[in-house]
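# starting from these lines, generate the structure:
(4 chains)
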2 protein chains.
Amino acid sequence: MTGRVKIIDIARRVGVSPATVSRALSDTGLVAEPTLSRIRDEARAMNYRPNVSARNLRTRRSKAVLMVVRDVGNPFYLDVLKGVEACAREAGYSVLMGNTENQPGGEDRYFDMLRDGHADGMILITGSLPEDEMHRDLLAQLPVVVALEMVEQSGLPHVQIDNKAAAADAVAHLVGLGHRRIAHISGPVPEPMASLRERGFREAMTGAGLPVPSSYVLRGDYSLAAGKGLCCQLLALPEPPTAIFAANDEMAFGAIAAARRAGLEVPRDLSVVGFDDLYLSEAFQPPLTTVSQPRTELGRAAMGVLLDILSGRAPPSEPFVLPTTLQVRGSTAAPLAQVQLRSA
Amino acid sequence: MTGRVKIIDIARRVGVSPATVSRALSDTGLVAEPTLSRIRDEARAMNYRPNVSARNLRTRRSKAVLMVVRDVGNPFYLDVLKGVEACAREAGYSVLMGNTENQPGGEDRYFDMLRDGHADGMILITGSLPEDEMHRDLLAQLPVVVALEMVEQSGLPHVQIDNKAAAADAVAHLVGLGHRRIAHISGPVPEPMASLRERGFREAMTGAGLPVPSSYVLRGDYSLAAGKGLCCQLLALPEPPTAIFAANDEMAFGAIAAARRAGLEVPRDLSVVGFDDLYLSEAFQPPLTTVSQPRTELGRAAMGVLLDILSGRAPPSEPFVLPTTLQVRGSTAAPLAQVQLRSA
DNA sequence: GTGAAAGCGCTAACAC
DNA sequence: GTGTTAGCGCTTTCAC
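Numbering: from 1, shown residues only, chains lettered A, B, ... in the order given. This next block holds a predicted model:
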């Protein structure tokens, strides 16, 4: 079902050489006016479409980029994709989505696609690198931009938010409301993103003169179920927290569900803050107070940096950091008076 | 950043012709054993990757398919994508996502990608056809499968659910609970999917001997906001419904939010049923009773039919219909006694 | 079972 | 400005 009509067909009908047609159609200002229009008109009339394989083979690039995430099923990434796509389209690139399903080595496949000409560059949002024997210094030569997650010491350009500061903001909000017993449902910690958010939590707590008992920091895998389970654990403590900061919205949802099942009302009996500002966080009951990331902007910025690299401009050597905002909604409130007394 | 090593490099090192290497690497049983292994080993050792553009140019196919949806941002489609991708991968195909953003003519671009060799076939989930002058009978020759949505009289193979029956099931559930005043928040109706669900609603109501006043059927655009607004309208009626069947989950979420804002408790004062069984419908408060579509299976089935077409097998002439299940959760209950009396 | 040769459709050097 | 020529890397007849 390939477009039958090719460049030589147009050339014959217009009475010029294929080269001229190619030049006319690709907007190099090298074709003179009478010919130019004739070629364009004829191309449109014949419903011509250039064969991408032939063009890519010849030019040695595909005009496509790869955006690789842990899980395509996570709606979070789709806003990022929109930003990437908008920016890519302006520059004539198309965007392919890749999915590692969180498997170590899942990115190998996509690095291969870079080599086999499927794509010219990559935006990596998985927080890890390919497992095979590519060396770091070799990696740094590749047109790869890391976004959102971090890959330390990779030498790759990064586009991200300040996870630590954003987490600290969230905690500051709770502290400002009067909470003193604040727990953290953290992510899968050695991982940088989770570590930074946890660090932000700890530093903000310490900075506010509040204790961080080890039972108050539990680590989950970002799932709804983890949020539920860990919240149960927290509520079962002899001194349960009056507020929980979860490292993402899904765990916050889980925590709220567990609290409700335990007979608590959010935010009256327990305040909960999330991180990500998912689609539906606003519609959730109660609407979730959460850290909002500029998802689309992150995508756009990452693609911008990638375009720099692909066109030979030097990428920024410093990570590109975009600001977050704390969306204060209905899941946080001042703690109950009695609770404050008991905790004193 | 293309893989530098090509088929001729391997050929030289092994001491055979490029043709033999090609044959060895593509598993035609045409290369004898001593040579075969030597070639394979050398290819691995040299970290060889075939250049896709060259291969595609030569073979005249891309081994890629296009899955085109209205809105990549809708998580619903991601489960479908998973099914498509699983099935595609088994057959050596990759999947490209396309997005029409609901714009008429948005599919034109992707039909062009079929012609320019970007993809070999398409799974269309947008409910509409390209606007340009392709004729229907010509379309029916193209390797295109329509899924979920319907494109009537297109002559294209379809993979779908029975929307009418599923809607009727949902209504039957409400009737079974004792509801008599049941309203429907419908979709953008001339459109087939919305029409079928609405028809299912009407037929089930009529079949149960219940009236369908015109004020009880309102049409939205599948958005959260529409659900909110239309639910407000329904609750403001002199005789408000005791139950609402929404044509999708997002409008159901909106309806529940509006009900809550109006001081009603779901399901005590109002039962709500959705359609789709979105991610988070279960975590929603209350957990949403909704029609669950076999999303992944739909994707898998659609890709299966597309593979049939691509490999020259005849596609099924009848639409391929997959079963739905009604997930009964916490958003539906028997109506309050007083309400039943008032309605009598 | 393997090699030689042609060519997929396009663009880029190089002429003129 | 435009034409001529070559070739991107691969697969596939056609020989043998």
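
# list the contacts of the residue lying closest to residue A:294 once chain neighbours are set aside.
Using C-beta to C-beta, 6 or more residues apart in numbering or on different chains and skipping the chain neighbours, the partner closest in space to residue A:294 is residue A:322 (5.1 Å). Every C-beta, even on glycine, is put in place using the N, C-alpha and C of the backbone. When contacts are counted by C-beta atoms under 8 Å, 6 or more residues apart in numbering or on different chains, residue A:322 is found next to A:159, A:160, A:161, A:293, A:294, A:297, A:298, A:301.

# repeat that for 7 Å
Contact partners of residue A:322, counting by C-beta atoms under 7 Å, 6 or more residues apart in numbering or on different chains, are A:161, A:294, A:297, A:298, A:301.

# what residues does the stretch 1-150 of chain A put near chain B?
A:1-3, A:49-54, A:56-57, A:60, A:72-73, A:75, A:78-79, A:81-82, A:96-97, A:112, A:114-118, A:142-143 (C-beta under 7 Å from any C-beta of the partner chain).

# drop anything exposed from the residues you listed.
A:1-3, A:49-54, A:56-57, A:72-73, A:75, A:78-79, A:81-82, A:96-97, A:114-118, A:143 (16 or more other C-beta atoms under 10 Å in any protein chain shown).

# which outside residues touch stretch A:273-282?
A:75-76, A:170, A:173-174, A:197, A:245-249, A:252, A:288-293, A:327, A:329, A:332, B:280.

# which positions in that stretch come out as buried?
Going by 16+ other C-beta under 10 Å, stretch A:273-282 has these buried residues: A:273, A:274, A:275, A:276, A:277, A:278, A:279, A:280, A:281.

# how about low-confidence regions in the stretch 201-344 of chain A?
Across the stretch 201-344 of chain A, the ranges flagged by pLDDT under 70 are A:338-344.

# in it, which residue sits closest to DNA strand C?
Evaluated by C-beta to the nearest atom of the strand, the stretch 201-344 of chain A has residue A:311 as its residue closest to DNA strand C, separated by 14.1 Å.

# repeat for the stretch 101-250 of chain A
residue A:117 (12.5 Å).

# am I right that that residue sits in a strand?
No: judged by DSSP: H, G, I helix; E, B strand; the rest coil, residue A:117 forms no part of a strand; its state is coil.

# check contacts around it.
A:56, A:62, B:2, B:51, B:52, B:53.

# which of those residues sits closest to DNA strand D?
The closest of those, once distances to DNA strand D are taken by C-beta to the nearest atom of the strand, is residue B:51, at 3.6 Å.

# for the closest one, which non-adjacent residue is closest in space?
residue A:117 (5.2 Å).

# relative to residue A:124, how far out is the one you found?
19 Å (C-beta to C-beta, to the nearest Å).

# and for residue A:8?
41 Å.

# give me the more crowded residue out of these two.
residue A:124 (28 against 11; other C-beta atoms under 10 Å in any protein chain shown).

# could you find the closest non-adjacent residue to that one?
Using C-beta to C-beta, 6+ apart, the nearest residue to residue A:124 is residue A:146, at 5.0 Å.

# beta partners of the one you found?
residue A:124, residue A:158 (DSSP bridges).

# count of neighbours near it?
That count, for residue A:146 with other C-beta under 10 Å as the rule, works out to 25.

# wait, what's in contact with it?
A:124, A:154, A:156, A:158.

# isn't the last one right up against residue A:148?
I take that to be residue A:158. No: judged on C-beta atoms under 7 Å, residue A:158 makes no contact with residue A:148 at a distance of 9.0 Å.

# of these two, who's got more company?
residue A:148 (25 against 22).

# not counting its neighbours along the chain, what's nearest that one?
Nearest one to residue A:148, counting by C-beta to C-beta, 6+ apart, is residue A:125 at 5.1 Å.

# now do the contacts for the one you found.
A:67, A:68, A:69, A:77, A:80, A:147, A:148, A:149.

# in a strand, residue A:291, correct?
Yes: counting by three-state DSSP, residue A:291 is part of a strand.

# so how many other residues sit close to it?
27.

# measure residue A:55 to residue B:23 for me?
27 Å.

# tell me the contacts of residue A:113?
A:66, A:119.

# pLDDT score assigned to it?
In the predicted model, residue A:113 carries a pLDDT score of 93.

# and it, that one's in a strand?
No: Residue A:113 is assigned helix when assessed by three-state DSSP, not a strand.

# that one and residue A:307: what is the separation?
In terms of C-beta to C-beta, residue A:113 sits 18 Å off from residue A:307.

# how about residue A:122?
The value you get for residue A:122 to residue A:307, if C-beta to C-beta is used, is 13 Å.

# which parts of chain A are helices?
A:7-14, A:18-25, A:33-45, A:52-59, A:76-90, A:108-115, A:136-139, A:163-177, A:192-207, A:224-235, A:249-261, A:295-310, A:337-343 (DSSP state H).

# okay, now the residue of the stretch 51-200 of chain A at minimum distance from DNA strand D: neighbour count?
Closest contact between the stretch 51-200 of chain A and DNA strand D, by C-beta to the nearest atom of the strand, is at residue A:58 (3.6 Å). Neighbourhood size, residue A:58 [other C-beta under 10 Å]: 11.

# one more: residue A:311?
Neighbour count for residue A:311, taken as other C-beta under 10 Å: 8.

# from residue A:66, how far off is it?
Taken as C-beta to C-beta, the span from residue A:311 to residue A:66 is 17 Å.

# do residue A:194 as well
Taken as C-beta to C-beta, the span from residue A:194 to residue A:66 is 25 Å.

# cool, and residue A:16?
From residue A:16 to residue A:66 the distance is 37 Å (C-beta to C-beta).

# go on, residue A:19?
32 Å.

# returning to that earlier point: any shared contact partners between residue A:158 and residue A:148?
By C-beta under 7 Å, 6+ apart, no residue touches both residue A:158 and residue A:148.

# count of neighbours near the closest residue to residue A:91 other than its chain neighbours?
Residue nearest to residue A:91 in three dimensions, not counting chain neighbours: residue A:307, with 5.4 Å by C-beta to C-beta, 6+ apart. Residue A:307: 20 surrounding residues under other C-beta under 10 Å.

# do residue A:317 as well
The burial count for residue A:317: 7, using other C-beta under 10 Å.

# ditto for residue A:90
Neighbours around residue A:90, by other C-beta under 10 Å: 12.

# rewinding a little: just name the closest of the buried residues of stretch A:273-282 to residue B:230, please.
Distance to residue B:230 across those (C-beta to C-beta) is lowest for residue A:280, with 18.8 Å.

# is it true that residue A:253 touches residue B:283?
Yes: counting by C-beta under 7 Å, residue A:253 sits close enough to residue B:283 to count as a contact (5.3 Å).

# intersection of neighbour lists for those two?
residue A:224.

# flag every residue of chain A that's near DNA strand D.
A:15-20, A:23, A:30-32, A:34-36, A:54, A:57-58, A:60 (C-beta under 7 Å from any atom of the strand).

# and those, which are buried?
A:16, A:20, A:23, A:31, A:35, A:36, A:54, A:57.

# quick one, which of residue A:253 and residue B:283 is more surrounded?
residue A:253 (26 against 19).

# quick one: the more buried one and residue A:187, what's the gap?
For residue A:253, the distance to residue A:187 - C-beta to C-beta - is 15 Å.

# and what of residue A:60?
41 Å.

# same check on residue A:164?
For residue A:164 relative to residue A:187 (C-beta to C-beta), the value is 13 Å.

# out of those two, which sits in the busier spot?
residue A:187 (24 against 18).

# right, and that one touches residue A:222 too?
Yes: under the criterion of C-beta under 7 Å, residue A:187 makes contact with residue A:222 at 5.8 Å.

# got any residues that touch both of these two?
By the contact definition C-beta under 7 Å, 6+ apart, residue A:187 and residue A:222 are jointly contacted by residue A:248.

# per the record, what domains does chain A have?
A:7-48, A:64-161+A:296-323, A:163-293+A:326-343 (automatic domain parsing).
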